[in-house]
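>>> Here is my input; please provide its structure:
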Amino acid sequence: MRNEDAVETEIQAKGLTAPRLTPALIDETIVGEYYFRASDAAAQAGAPGLLALECLTLCVLVLKNGFTVTGESACASPENFDAALGRKIARDNARNKIWALEGYQLKTRLAAAA
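Okay, the predicted model is just below:
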């Protein structure tokens, strides 16, 4: 269980019902996701291959309004590189940025209504 799921469960158990963000609302903002390794981008640009770029995974999340957020994952030891784990960590890092953006939007709507 993700920590945010545990927090959501606690919020519901306490009966807190004021407007707020939920993990589901965050997920609903995502309409596309793209992954690549930095070495892929370097190769497309004609740059020389670097081992460090082989270990850097990037995730781009496209939101409903067309805005994008990015996340990254890198391992210190190339021997520890795992593509699936890199994508998961990069996506989590990108998704975490959505909370602040959506929180700002919600606060703006609440202030306008007050």
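
>>> Check which residues of the worst-scoring helix or strand of the chain on mean pLDDT are buried.
Taking mean pLDDT, DSSP states H and E as the measure, the chain has helix 51-54 as its least confident helix or strand, at a mean of 84. By 16 or more other CB atoms under 10 Å, the buried positions in helix 51-54 come out as Leu53, Glu54. All C-beta spots, glycine's among them, are computed from the backbone N, C-alpha and C.

>>> Would you map the helices across the chain?
3-13, 23-28, 38-44, 51-54, 83-113 (DSSP state H).

>>> just so I know, which of those lies nearest Thr68?
helix 83-113 (8.8 Å; CB to CB).

>>> how about low-confidence regions in the protein?
In the predicted model, the chain carries pLDDT under 70 at residues 1, 49.

>>> From the chain's centre, how far out is the least confident helix or strand of the chain? Work that out for me.
Its chain's C-alpha centre lies 22 Å from the corresponding centre of helix 51-54 when counted by CA atoms, centre = their mean, to the nearest Å.

>>> now for it, which elements pack on it?
helix 38-44 (3 or more CB pairs under 8 Å, 6 or more residues apart in numbering; DSSP states H and E).

>>> got the CA positions of the helix it packs on in PDB?
Provided in PDB are the C-alpha atoms of helix 38-44 (Å, rounded to 0.1, in the frame of the first residue of the first chain):
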ATOM      1  CA  ALA A  38      18.800   9.400 -21.200                       C
ATOM      2  CA  SER A  39      21.100   7.300 -23.400                       C
ATOM      3  CA  ASP A  40      18.300   7.000 -25.900                       C
ATOM      4  CA  ALA A  41      17.900  10.800 -26.100                       C
ATOM      5  CA  ALA A  42      21.700  11.200 -26.400                       C
ATOM      6  CA  ALA A  43      21.800   8.700 -29.200                       C
ATOM      7  CA  GLN A  44      19.100  10.500 -31.100                       C
END
